[in-house]
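Undergrad: One predicted model, sequence on top.
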Amino acid sequence: MVQSGTTSRVFGETRAERAIAGVFIQQKLGFVDRLFLTGALRMDASSVFGVDERLQFYPKASAAYVVSDEAFWQNSRLGRTLGHFKLRSSIGWSGGLTAIGPFDRFTNFGPQSYIGQPGLQPSAQLGALNVRPERQRELEVGVDAGLFDRRLSIEATYYNQNTTDLLLNRSVAPTTGFLNRLQNIGTLRNTGFELMVTAVPLNQERVRWTSSFIFNTNSNEVSGIEEDVLIFPSSFGLTGAVNGESIGVFFGSAFERDESGNVLDQNGNILDRDGDGLYRLRTGTPQEAGDGVPARAAENQIIGDPTPDFTASWTNEFVIAQNLRLRAQIDAVYGQDVFNFTRRLAALSAFGTLEDYQRELEGDLPSGYTGTTFNIFEHWVEDGSFIKLRELSLSYTLFPTQLPVESIRLNLAARNLFSIDSYSGYDPEVNVGGQRTTTRNFDFVEVPIPRSFSLGATLNF
């Protein structure tokens, strides 16, 4: 019997039951093909929430008015240029039926052996029997316009979204025997503007060029947090909800700064950040022993915000003789911060796999620089703004008469060809937290979005 060559494997299976029910009634009205009204009432229920909180009522209403169909508009000079003009607005309430797991409101127990006897051990999360779904109210107003016989189309929308009863995991005192608890805490308000412009600059018999531009802004603010700061348990202890700030801001150790906001070293000298994200003594400062090592502030602070100032996308498509089609898409994100956890670890002397520690060994950085900045989390927050060539594709369609097919389309496509950014890592568009709203823009040895090429053929019979 070769015991060292055996491996014990434990197989398991988990099953959970979730019950969801809903009913709604909706009515649409139209008046002379110009004014359109919609109203709806919805009632939803989900078994994952507290017994007294399961049934939720969500109304909504919307209105649209096609002003350009009125006679006074069509007979005016404005009507000859602005052939289509529509005003619209809507308001509605909604909630999440599957925001949490089927048994997350309970204190769950798992099997645990004790002195050879079977037993149960509670999980680290304390139950919350009366937890209720988040409730969201959104108000939108917008305008749709078409100019020059729809050669230029514009869609603009302003929205105001208010979410109450946020479902957040908050830490609890260790003396309770638990680490965290799911609770309805605080309010989140989102406001933003969305713009889409579509133009057809060239529309000839054999050539058509369509160009689309999308621009989005969003700002959000958290309020109603009792302690002013709530750090999320599953966020490396570095993101949270802070009253008056965006949700998921980076909150941790920061640089010591003077009244003007300049970063200081441990001797009170001003430091400037260079193009590599390292801090150097300001030019002209006499260097003495111990100079150049950043100082850490006494209290934790907001050190970054993963929410971008705006996002944009520009797409151009060319169709030539109904056979050749060329498409290019450029995406941009501006104003977001990324926490480069990968660089932080690799700069530590125990790992030392990046240039940061190598520079200290070579004397380019003062002694003790990487060891000190390792515990100053603000040092590892970088600008994650970027411009990417998201897609470039080319297709050609054949219409063979000698084959039993209607058409053959050949496709060549490339994605993520290049990125213009100042981020020191591989890709500012990665996140170890996946799609979680509360933990965003963490680069922790993440695989960058790949550059890919594909070649294919589509046959239509």
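TA: Perfect, thanks for sending it.

Undergrad: Now do the buried residues in the stretch of helix or strand residue 144 belongs to.
TA: Here residue 144 sits within strand 135-147, counting by DSSP states H and E. Across strand 135-147, burial judged by 16 or more other C-beta atoms under 10 Å covers 135, 136, 138, 140, 142, 144, 145, 146. No exception for glycine: its C-beta is placed from N, CA and C like everyone else's.

Undergrad: same question, stretch 446-461
TA: For stretch 446-461, by 16+ other C-beta under 10 Å, it's residue 446.

Undergrad: now the end-to-end length of that stretch.
TA: Across stretch 446-461, the terminal residues are separated by 43 Å (C-alpha to C-alpha, to the nearest Å).

Undergrad: Show me what that stretch is in contact with.
TA: 342, 404-417, 426-427, 429-432 (C-beta atoms under 8 Å, 6 or more residues apart in numbering).

Undergrad: Pull out the buried residues from these.
TA: For the contacts of stretch 446-461, buried by 16+ other C-beta under 10 Å: 342, 415, 416, 427, 429, 430, 431, 432.

Undergrad: Thought residue 390 was touching the fifth one, still the case?
TA: No - with the criterion set as C-beta atoms under 8 Å, residue 429 and residue 390 do not qualify as a contacting pair; they are 10.3 Å apart.

Undergrad: Now do the helices in the chain.
TA: For the chain, the helices defined by DSSP state H cover 71-74, 77-81, 341-346, 355-362, 369-373.

Undergrad: Pretty sure residue 342 sits against residue 445.
TA: Yes - with contact defined as C-beta under 8 Å, residue 342 reaches residue 445; the gap is 5.2 Å.

Undergrad: tell me the contacts of residue 220?
TA: Per C-beta under 8 Å, 6+ apart, neighbours of residue 220: 188, 189, 190, 191, 246, 247, 307.

Undergrad: For the closest residue to it other than its chain neighbours, give me its contacts.
TA: Once flanking residues are discounted, residue 220 sits nearest to residue 190: 4.4 Å by C-beta to C-beta, 6 or more residues apart in numbering. By C-beta under 8 Å, 6+ apart, the residues touching residue 190 are 159, 160, 161, 162, 163, 218, 219, 220.

Undergrad: Most neighbours among the residues you listed, please name it.
TA: Comparing the contacts of residue 190 by number of neighbours (other C-beta atoms under 10 Å), residue 163 comes first, having 22 neighbours.

Undergrad: Would you mind naming the residues that bridge with that one?
TA: Beta-bridge partners recorded for residue 163 (DSSP bridges): residue 136, residue 188.

Undergrad: One more: the one 5 residues further on?
TA: Using DSSP bridges, the beta-bridge partners of residue 168 come out as residue 183.

Undergrad: Tell me if I'm right that it and residue 187 touch.
TA: No - in this structure, residue 168 is not within contact of residue 187 by C-beta under 8 Å, at 11.4 Å.

Undergrad: which of the residues in stretch 50-67 are buried?
TA: Buried positions in stretch 50-67, judged by neighbour count with 16+ other C-beta under 10 Å: 53, 54, 56, 58, 60, 62, 64, 65, 66, 67.

Undergrad: Same question for stretch 348-366.
TA: Quick answer for stretch 348-366 (16+ other C-beta under 10 Å): 348, 352, 354, 355, 356, 357, 359, 360, 365, 366.

Undergrad: my guess is residue 379 contacts residue 373, does it?
TA: Yes - Residue 379 is in contact with residue 373 according to C-beta under 8 Å; the separation is 4.3 Å.

Undergrad: and these two? which has more neighbours close in?
TA: Using other C-beta under 10 Å, the more surrounded residue of residue 379 and residue 373 is residue 379, with 28 against 24.

Undergrad: how about that one, what does it touch?
TA: Going by C-beta under 8 Å, 6+ apart, residue 379 touches 255, 277, 279, 294, 344, 373.

Undergrad: how about a cut-off of 7 Å?
TA: Going by C-beta atoms under 7 Å, 6 or more residues apart in numbering, residue 379 touches 294, 373.

Undergrad: what does the model give it for pLDDT?
TA: Looking at residue 379, its pLDDT reads 95.

Undergrad: between the buried residues of stretch 348-366, which is nearest residue 210?
TA: residue 354 (44.7 Å; C-beta to C-beta).

Undergrad: Show the average pLDDT along stretch 295-309.
TA: Stretch 295-309 comes out at a mean pLDDT of 94.

Undergrad: Not counting its own residues, what contacts it?
TA: By C-beta under 7 Å, 6+ apart, the list of residues contacting stretch 295-309 reads 217, 220, 242, 245-246, 248-256, 264-266, 333-337, 339, 375-378, 381, 440-441.

Undergrad: Now, those that are in strands?
TA: 217, 220, 242, 249-252, 264, 333-334, 337, 339, 381 (DSSP state E).

Undergrad: Buried ones among the residues you listed?
TA: Among these, those classed as buried by 16+ other C-beta under 10 Å are 217, 220, 242, 249, 250, 251, 252, 264, 333, 337, 339, 381.

Undergrad: quick check, nearest of the residues you listed to residue 41?
TA: So of those, ranked by how close each gets to residue 41 (C-beta to C-beta), first place is residue 220, at 28.2 Å.

Undergrad: average pLDDT for stretch 432-449?
TA: Rounded mean pLDDT across stretch 432-449 is 86.

Undergrad: tell me how far that stretch is from the chain's mean position?
TA: Here stretch 432-449 is found 10 Å from its chain centre; the criterion is C-alpha atoms, centre = their mean, to the nearest Å.

Undergrad: now swap in stretch 184-204 and tell me
TA: Worked out by C-alpha atoms, centre = their mean, stretch 184-204 lies 15 Å from the chain centre.

Undergrad: before we move on, back to that, mind picking the two most distant members of the buried ones among the contacts of stretch 446-461?
TA: Maximum distance among those (C-beta to C-beta): 23.2 Å, for 342 and 415.

Undergrad: what about the stretch 1-150 of the chain, any weak spots by pLDDT?
TA: 1-12 (pLDDT under 70).

Undergrad: mind redoing it with 50?
TA: Scanning the stretch 1-150 of the chain for pLDDT under 50 picks out 1.

Undergrad: which residue ranges form the strands in it?
TA: 20-31, 35-46, 56-66, 84-95, 109-114, 117-122, 125-126, 135-147 (DSSP state E, counting those that start in this stretch).

Undergrad: Columns distance to residue 398 on top of the ones you listed, output as a markdown table?
TA: Listed next are these as a markdown table, based on distance: least, C-beta to C-beta, whole Å:
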| stretch | distance to residue 398 |
| --- | --- |
| strand 20-31 | 45 |
| strand 35-46 | 44 |
| strand 56-66 | 42 |
| strand 84-95 | 37 |
| strand 109-114 | 61 |
| strand 117-122 | 66 |
| strand 125-126 | 60 |
| strand 135-147 | 35 |
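
Undergrad: Between the ones you listed, which one is closest to residue 73.
TA: strand 84-95 (7.0 Å).

Undergrad: what comes up buried for the closest one?
TA: Applying 16+ other C-beta under 10 Å to strand 84-95 flags 84, 85, 86, 88, 89, 90, 92, 94, 95 as buried.

Undergrad: can I get these in CSV with distance to residue 126?
TA: Formatted as CSV, the buried residues of strand 84-95 follow (distance: C-beta to C-beta, whole Å):
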residue, distance to residue 126
84, 57
85, 56
86, 51
88, 46
89, 43
90, 39
92, 34
94, 28
95, 23
